[in-house]
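In: sequence-free structure coming up:
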């Protein structure tokens, strides 16, 4: 598995970032008990898939081309028509051009955070990062609101999520697979697949021993959200490893070859196929990553020979596959990087590259009531910024939650009475659903 390192030196690691506020500062217990008991009603999509594109893909070379801009802006890629009259995207995304009726393109999305880590946190939560508080990833909120059945995880990340559960606590963190599947092969996930000849009877004996130890030490600390979260992980791990349903959901080799072929045979396409299988089985939220978009040099070669073909096959396979399985209406999908890239091409390499640029970027949304086949928002003639009113990551987040039947203005309170709104500043983009 390739680990992509961005230019600021930060790696996307398998980290559960609970923090002081995350483990003890919030009085969420009453709400969480109701949610876990299924007494918090939700409407909208039943599941969601979040496509993360770490590094920041170029908007001008993907979904917001400017063929009439000067050479030093537009680059070498040409626009092609999609199956929706009047909408054009990059020539290196032909499969996505053929299913543009299934997703909406957001152009002129804009913010001001040009660092990878801050930008990723912003687009993965919908709230601008604060030093004093960590907001939860979308999957953690969905896991809290609408948990999966006991023998399936509610929140899965392939191979990992860049954002933790924040103030909700670690029990709502994603199950990171820490690997990506290979075409036609069973996918082994640690904690789900048995290894080294271990039998289910041995697992059950170990679980019984753990339960005895838990009872002996039960009185030591009944108030820690961290301990509660770790205990929840223990019980969930046992449920998963003994569940044939979970093992089958992760086994992409069970898919007919004719269906799997449309996703491509690289790790991203197979991760999208796995995401589809998981939501079909009952998992509520899946995060899929495709990194490597930090194209300061050789932007056009990296995009045309590797990144765009992978994105094209995997994402079009996901949209078409969800439609073919009757899951697109009930599955909200969002795809985004942390920012766009500079409209003017730099000269750091022979063909040039593009640098960090949060002032203008694209996002994609589909399913969950979103009307596909439309473009919302517009950038100026060189894609240097929004042509009119900017779309903010906060607005997209509010719309994503709305498509899942979750109120983006949901409010929590700290023990001192400090109110915390799930999405602080965002407004639902009504045109997405009209």
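Out: Cool, the structure landed. Bear in mind that the values here come from a model prediction, so they are computed numbers and not experimental data.

In: Low-confidence stretches in the stretch 101-250 of the chain?
Out: 190-242 (pLDDT under 70).

In: Can you show me the strands along it?
Out: 103-109, 155-158, 175-176 (DSSP state E, counting those that start in this stretch).

In: which residues does the spatially most central residue of the chain bridge with?
Out: Centroid-nearest residue in the chain, with C-alpha atoms, centre = their mean: residue 50, separated by 2.6 Å. Residue 50 forms beta bridges with residue 287, residue 334, as assigned by DSSP bridges.

In: That one and residue 287 touch, don't they?
Out: Yes - applying C-beta atoms under 8 Å as the test, residue 50 and residue 287 come out as touching, 4.7 Å apart. (Glycine included, C-beta is placed from N, CA and C.)

In: Need the overlap of contacts for the two.
Out: Listed as contacting both residue 50 and residue 287 by C-beta atoms under 8 Å, 6 or more residues apart in numbering are residue 139.

In: Columns distance to residue 254 on top of the strands of the stretch 101-250 of the chain, output as TSV?
Out: Below are the strands of the stretch 101-250 of the chain laid out as TSV (distance: least, C-beta to C-beta, whole Å):
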stretch	distance to residue 254
strand 103-109	27
strand 155-158	17
strand 175-176	20
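
In: of all the ones you listed, which lies closest to residue 266?
Out: Among the strands of the stretch 101-250 of the chain, the nearest to residue 266 by C-beta to C-beta is strand 155-158 (13.2 Å).

In: what lines up beside that closest one in the sheet?
Out: Checking strand 155-158 against DSSP bridges gives partners strand 175-176 (parallel), strand 285-289 (parallel).

In: Now do it: everything it contacts.
Out: Outside strand 155-158, the residues within contact range by C-beta under 8 Å, 6+ apart are 139-140, 142-143, 172-177, 180-181, 271, 274-275, 278, 283-289.

In: quick one, what contacts residue 361?
Out: 56, 59, 109-110, 336-337, 339-340.

In: Most neighbours among the residues you listed, which one?
Out: Among those, residue 339 has the most neighbours (other C-beta atoms under 10 Å), with 31 neighbours.

In: OK, contacts around the residue lying closest to that residue once chain neighbours are set aside?
Out: Excluding the flanking residues, the one nearest residue 339 by C-beta to C-beta, 6 or more residues apart in numbering is residue 358, at 3.9 Å. By C-beta under 8 Å, 6+ apart, residue 358 lies in contact with 110-114, 119, 338-340.

In: so which of those comes closest to residue 386?
Out: Comparing the contacts of residue 358 against residue 386 with C-beta to C-beta picks out residue 110 as the nearest, at 5.4 Å.

In: Excluding chain neighbours, what is closest to that closest one?
Out: Ranked by C-beta to C-beta, 6+ apart and with sequence neighbours excluded, the top spatial neighbour of residue 110 is residue 390, at 4.0 Å.

In: I'd say the one you found and residue 106 touch.
Out: No - if you go by C-beta under 8 Å, residue 390 and residue 106 don't touch, sitting 10.7 Å apart.

In: Looking at the two, which one has more neighbours?
Out: More crowded of residue 390 and residue 106, by other C-beta under 10 Å: residue 106, with 25 against 16.

In: The closest residue to the more buried one other than its chain neighbours: which element?
Out: With C-beta to C-beta, 6+ apart as the criterion, residue 106 has its nearest non-adjacent residue at 4.4 Å, and that residue is residue 363. Following DSSP states H and E, one finds residue 363 within strand 361-366.

In: now that strand, how far from the centre of its chain.
Out: 12 Å (C-alpha atoms, centre = their mean, to the nearest Å).

In: Let me know the angle separating that strand from strand 103-109.
Out: 160 degrees (axes from the mean of the first three to the mean of the last three C-alpha atoms, to 10 degrees).

In: Show the average pLDDT along strand 361-366.
Out: What strand 361-366 shows for mean pLDDT is 98.

In: Sketch out the low-pLDDT regions of the stretch 301-434 of the chain for me.
Out: Counting by pLDDT under 70, the stretch 301-434 of the chain contains low-confidence residues at 414-416.

In: Give the closest residue to residue 311 in space, chain neighbours not counted.
Out: residue 290 (6.3 Å).

In: ditto for residue 46
Out: In this structure, residue 46 finds its nearest non-sequential neighbour in residue 330, 4.6 Å apart by C-beta to C-beta, 6+ apart.

In: Can you give me the separation between residue 383 and residue 103?
Out: Residue 383 sits 20 Å away from residue 103, taking C-beta to C-beta, to the nearest Å as the criterion.

In: oh sorry, the question was meant for residue 329
Out: In this view, residue 329 and residue 103 are 13 Å apart by C-beta to C-beta.

In: Compare neighbour counts for the two and give me the winner.
Out: The neighbour comparison of residue 329 against residue 103 (other C-beta under 10 Å) goes to residue 103, with 26 against 14.

In: hang on, that one packs against residue 372?
Out: Yes - between residue 103 and residue 372 there is a contact under C-beta under 8 Å: 5.0 Å.

In: okay, and the common contacts of these two?
Out: Going by C-beta under 8 Å, 6+ apart, residues that sit against residue 103 and also against residue 372 are residue 366.

In: what's the burial count for residue 326?
Out: 9.

In: Can you check my assumption that it lies in a helix?
Out: No - going by DSSP: H, G, I helix; E, B strand; the rest coil, the assignment for residue 326 is coil, not a helix.

In: buried sites along stretch 57-72?
Out: With burial defined by 16 or more other C-beta atoms under 10 Å, the residues of stretch 57-72 counted as buried are 57-66, 69.

In: What of stretch 349-359?
Out: 352-359.

In: Turn these into CSV, including secondary structure.
Out: Shown next, in CSV, are the buried residues of stretch 349-359 (three-state DSSP):
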residue, secondary structure
352, coil
353, strand
354, coil
355, coil
356, strand
357, strand
358, coil
359, coil
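
In: Surely residue 6 and residue 54 touch.
Out: Yes - counting by C-beta under 8 Å, residue 6 touches residue 54, with 7.0 Å between them.

In: tell me, what's touching these two both at once?
Out: Residues touching both residue 6 and residue 54 (C-beta under 8 Å, 6+ apart): residue 116.

In: My read is that residue 346 contacts residue 356, right?
Out: No - contact status for residue 346 versus residue 356: not in contact, 11.1 Å apart, counting by C-beta under 8 Å.

In: Contacts for stretch 64-83 next, please.
Out: 60-61, 87-94, 96-101, 105, 107, 299-300, 303-304, 343-345, 360, 362, 379, 381-383.
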